[in-house]
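Engineer: Build the 3D model from these lines:
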Amino acid sequence: MTTRPDRVPADEIRQRMLDAGRELALEAGAALTIEHLRLEEVIQRARVPRSSAYRLWPYKDDYINDLLCYLAGPGSWFSERPVVTPETTTEIRQIVEENRALLATLAGRRGLLCEIVRVTTERNYRMLSQSPQWRLHIALVATLGSTSGADGGAADSAARRRVASALEEAQTCSRQAMVTMLEIIMAELGLRLRDPSWTVEHLQLAGGLFVQGLALRNVQVQAALGGDGDASAWPAADPAGISPAAHVSALLDAPVPGPGLHGGTAQWTLVAFAYLALIDAWTELDPDFVPAR
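Structural biologist: Okay, the predicted model is just below:
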């Protein structure tokens, strides 16, 4: 008499199917439209009984809607790591601690602000540009209005609202992390908002969307060049005979001289310079600030 295999719980089947769909979406990248994902391929990747999968999702659209919500929410890039990594916060504190004497003067605090913006903005720009999970998130945002049933009935509209809600909830942690980072910088350096009606949340939202926009542009030009965002593959800024994509890549990524610590110069990039301009537009150094000892 043969032993009947243990039945896999429905919750495990569901999770394995959603994880498999996510893996396939990440592997395919821009070549895949989620709605065109083959359910049979997902079942094979998940290694679950076909009958169990179809018991959970009698129709492919049911699975696609659940997968989109999973990619937007629990399985999203933002749920796994915030835009501002813990390493970034540590780096800010290290820069301040190693140069605490600069807090004694307005010029020194300005130099510290520039260095923090230069280093941290560049770090997060590179992290976004090189993350397939973030690219999948952005693709989901961009195609939300054209997902299956965009012109359908109430059920399809409800599914799209679920996806949109999951996207927003998944980004909450990252928004909070960026606000915290900005508050740390402002407290350490004596920065204040130029207008009392403005908030740190305004600055975070504008800055976060700006950096993501430039990172997305970088992804586009690196794809056109056949690169992967690796700094060693970036083209030199040669104005003679280079392609438009190579020219934009050089504008985005080629280092340019800018302000450094102790009155020196440092290597900057476009994203860091532009983020500094945003910081300057919204904040100013408090001349009466007294640094903590």
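Engineer: Quick one: residues contacting the nearest residue to T89 once chain neighbours are set aside.
Structural biologist: Excluding the flanking residues, the one nearest T89 by Cβ to Cβ, 6 or more residues apart in numbering is M181, at 5.9 Å. C-betas here are computed from N, CA, C, even on glycine. Taking Cβ atoms under 8 Å, 6 or more residues apart in numbering, we find M181 in contact with V84, T88, T89, I92, T120.
Engineer: do the same with A292
Structural biologist: Counting by Cβ under 8 Å, 6+ apart, A292 touches no other residue.
Engineer: Would you mark the buried spots in stretch 111-128?
Structural biologist: For stretch 111-128, burial by neighbour count (16 or more other Cβ atoms under 10 Å) applies to 111-128.
Engineer: coming back round to it: from the contacts of M181, which single one is nearest S76?
Structural biologist: Proximity of the contacts of M181 to S76 was ranked by Cβ to Cβ; the top entry is V84 with 16.1 Å.
Engineer: Give the residue spans of the stretch 101-250 of the chain that score low on pLDDT.
Structural biologist: 143-156, 227-241 (pLDDT under 70).
Engineer: Please enumerate residues in contact with the strand or helix carrying R93?
Structural biologist: With elements taken from DSSP states H and E, the one containing R93 is helix 86-98. When contacts are defined by Cβ under 8 Å, 6+ apart, helix 86-98 is touched by residues 103, 112, 115-116, 119-120, 123-124, 180-181, 184-185, 188-189.
Engineer: quick one: the longest helix along the chain to chain centroid distance?
Structural biologist: Criterion DSSP state H: the longest helix present in the chain is helix 154-189. How far helix 154-189 lies from its chain's middle: 11 Å, per Cα atoms, centre = their mean, to the nearest Å.
Engineer: Equivalent analysis for stretch 7-21, please.
Structural biologist: Chain-centre distance of stretch 7-21: 27 Å, with Cα atoms, centre = their mean.
Engineer: Let me see the mean pLDDT of that stretch.
Structural biologist: Taken as a whole, stretch 7-21 has a mean pLDDT of 90.
Engineer: Flag every buried residue along that stretch.
Structural biologist: So stretch 7-21, judged by 16+ other Cβ under 10 Å, has buried residues I13, R14, Q15, R16, M17, L18, A20, G21.
Engineer: which two from the contacts of helix 86-98 end up farthest apart in space?
Structural biologist: Greatest spatial distance among the contacts of helix 86-98 (Cβ to Cβ): L103 and N124, at 24.2 Å.
Engineer: how about the closest residue to L182 other than its chain neighbours, what does it touch?
Structural biologist: Sequence neighbours aside, V200 is the residue nearest to L182 in space, at 5.2 Å (criterion: Cβ to Cβ, 6+ apart). Listed by Cβ under 8 Å, 6+ apart, the contact partners of V200 are V179, L182, E183, M186, L193.
Engineer: Tell me the gap between the helix or strand containing R55 and the middle of its chain.
Structural biologist: If you go by DSSP H and E, R55 is part of helix 50-56. Taking Cα atoms, centre = their mean, one finds helix 50-56 lying 34 Å from the centre of the chain it belongs to.
Engineer: And the contacts of that helix?
Structural biologist: Around helix 50-56, the neighbours that count as contacts under Cβ under 8 Å, 6+ apart are V8, A10, I13, R14, M17, L39, E40, V42, I43, A46, Y63.
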